[in-house]
Structure formats: C-alpha cells, structure tokens
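Asker: Build me a structure from this.
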Amino acid sequence: MEQTQKKRTAKPYSPEFRERAVRLAMEHRDEYQSEAAALTAIAGKLSCSPDSLRVWVRQAQRDGGERSGQTTVEKARIKELEREVRELRQANEILKKASAYFAMAELDRPFRK
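Answerer: Numbering: from 1, shown residues only. Next up, the predicted model:
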C-alpha cells in the first residue's frame, strides 16, 4: 500500500519572529489603506512573504477568538489524535496477522486424544 508523503520544509522563521511580525501587522494596520497593503508593506520590511504574514495574522486572530476556525491548540490536538489513530491501526493490523498465523498453526497441529 503506497502512501503519498508531503514534502516537509523547515520553518525558516522562529516563533518569536512570527509573534513580532503579527504584532507589527496588527498595531500598524490602520496606517494603510487596506489590510493587504499593510501586510505587503510590513512583510517587505521584515523580509518575509505577505502571504506568510497573512497566514500568521489569521491564525493569531483564531487563537485570540477574533476569527472562527481551529486554534493552534486544536490543530495540535487533531494532529496528535491522527498520529495515535495511525499507530493503533498499525498495531491492530499486526494483531490480526498474528492471530491468523497462530490460528493456522493450531489447525496444522496434529490432533491428540
């Protein structure tokens, strides 16, 4: 059974950098004509992409209850539960195969009176 794997990239920005960038974007939003203009200008000053900054701001808004959607804590919990389900399915598959193996071995054993 083949599974496609996502290419994982290293996170180039530290959590501290992200927090600072989000804080700057939220504090200076009103100085620009639109949110997009603010994100573009601030991202340029910080040498990150406006899209990355937008994603970070949206997540901070979800974490703060200002926007609907999954919070960072909820996302982490879901990821952990998905990992646990994967592990349990693997363990269940191993147990099924072991059970079948031992059942066949029992059938192959000569009958004793």
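Asker: how's this protein carved up into domains?
Answerer: As assigned by automatic domain parsing, the chain contains the domains 13-69, 71-113.
Asker: what number of residues lie near the residue nearest to residue 69 when sequence neighbours are not counted?
Answerer: Closest residue to residue 69 apart from its sequence neighbours, by Cβ to Cβ, 6 or more residues apart in numbering: residue 62 at 4.5 Å. In short, each C-beta sits where N, CA and C put it, glycine included. Number of residues near residue 62 (other Cβ atoms under 10 Å) recorded here: 17.
Asker: For residue 62, give me the pLDDT.
Answerer: pLDDT, residue 62: 96.
Asker: Where does the prediction get shaky in this protein?
Answerer: Residues of the chain meeting the criterion pLDDT under 70: 1-10, 111-113.
Asker: Try it again at 50.
Answerer: Applying pLDDT under 50 to the chain picks out residues 1-2.
Asker: could you pull out the strands for the chain?
Answerer: Assigned by DSSP state E, the chain shows no strands.
Asker: May I ask you to name the longest helix in it?
Answerer: helix 72-108 (DSSP state H).
Asker: ok, the closest residue to residue 24 other than its chain neighbours - contacts?
Answerer: Closest residue in space to residue 24, ignoring its immediate chain neighbours: residue 42 at 5.4 Å, by Cβ to Cβ, 6+ apart. Shown in contact with residue 42 (Cβ atoms under 8 Å, 6 or more residues apart in numbering): 21, 24, 25, 28, 53.
Asker: make it 7 Å
Answerer: Applying Cβ atoms under 7 Å, 6 or more residues apart in numbering to residue 42 gives the contacts 24, 25, 28, 53.
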